[in-house]
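K.L.:
next input, structure requested:
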Amino acid sequence: ITRGRRVERVLSPSLAGTRPGEIRLTWKVDDAAVSRLHDEFFGKQVLVTDHDWPVSEVVTAYRARTHLDSTFRWLTGPAVAGPAPRWDWTPHRIAVHTLVTVLASTVTHLMRREADRAGMNLSVRELMDSLAGIGETVLRYPSTGGRPRTRRLLTERNPEQQALFDLFALSSPDGYEAPRSSGPPASAR
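P.N.:
Numbering: from 1, shown residues only. Sure, this is the predicted structure:
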């Protein structure tokens, strides 16, 4: 934690005790160091652009960059995109990895924008976490001749998941309608 940018200048941790159950972590924040950091860094940022935009649009674009940066970090993480490029990757593999990451970022931001237009103010992470909660099971039954029979089962969805399910038209192509939400039954509404 203390290896973060400038954290070691303001946070002084100490560990006391030697046996399990007796070990205690304490820390102290150096208020004078925080004040020095405030004077040194905070509130001093210069934006330079070659675009002929109004100041408000430059500031808005700059602030939107943080959303894109956090999304890119999340999408390139091992939980989403798999392993990061290593030294033994060829330039072609790195280019493909980069292309897939940029396409995923673009699609997720378009999805977030559509959800925002539908009145759901969600971050990309919240949107993807909500969609990840929608599960599907496909059962394939043995065939007695011809095509095998299949049945698609979807998990119950909360109201937010149902709204996203409808917004992105995730219903089955065969028209099967799974349980809509985990709320009260339709007869009780």
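
K.L.:
the chain: strands as residue ranges?
P.N.:
Under the criterion DSSP state E, strands of the chain are mapped to 11-16, 24-29, 136-141, 149-154.

K.L.:
between those strands, which one is closest to D69.
P.N.:
Closest approach to D69 among the strands of the chain is made by strand 11-16 (24.3 Å; C-beta to C-beta). Any C-beta I mention is one placed from the backbone N, CA and C, and that applies to glycine too.

K.L.:
flag every buried residue along the closest one.
P.N.:
Neighbour-count burial for strand 11-16 flags L11 (criterion: 16 or more other C-beta atoms under 10 Å).

K.L.:
rewinding a little: turn the strands of the chain into JSON lines, columns for mean pLDDT and distance to A163.
P.N.:
Putting the strands of the chain into JSON lines (pLDDT from 0 to 100; distance: least, C-beta to C-beta, whole Å) gives the following:
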{"stretch": "strand 11-16", "mean pLDDT": "86", "distance to A163": "42"}
{"stretch": "strand 24-29", "mean pLDDT": "88", "distance to A163": "43"}
{"stretch": "strand 136-141", "mean pLDDT": "88", "distance to A163": "18"}
{"stretch": "strand 149-154", "mean pLDDT": "86", "distance to A163": "15"}
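
K.L.:
distance to L37 for the ones you listed - can I get that in JSON lines?
P.N.:
Converted to JSON lines, these look like this (distance: least, C-beta to C-beta, whole Å):
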{"stretch": "strand 11-16", "distance to L37": "11"}
{"stretch": "strand 24-29", "distance to L37": "11"}
{"stretch": "strand 136-141", "distance to L37": "49"}
{"stretch": "strand 149-154", "distance to L37": "51"}
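
K.L.:
burial measure for the residue lying closest to R149 once chain neighbours are set aside, as a count.
P.N.:
Using C-beta to C-beta, 6 or more residues apart in numbering and skipping residues adjacent in sequence, the residue nearest R149 is Y141, 4.3 Å away. Other residues near Y141 come to 9 when the count uses other C-beta atoms under 10 Å.

K.L.:
equivalent analysis for I134, please.
P.N.:
Around I134 there are 17 residues (other C-beta under 10 Å).

K.L.:
report the contact partners of it.
P.N.:
L154, T155, R157, Q161, L164, F165, L170 (C-beta atoms under 8 Å, 6 or more residues apart in numbering).

K.L.:
7 Å instead, please
P.N.:
L154, T155, R157, Q161, F165 (C-beta atoms under 7 Å, 6 or more residues apart in numbering).

K.L.:
helices or strands up against the longest helix anywhere in the chain?
P.N.:
Across the chain, the longest stretch assigned as helix under DSSP state H is helix 91-117. Judged by 3 or more C-beta pairs under 7 Å, 6 or more residues apart in numbering; DSSP states H and E, helix 91-117 is in contact with helix 55-75, helix 124-132, helix 159-167.
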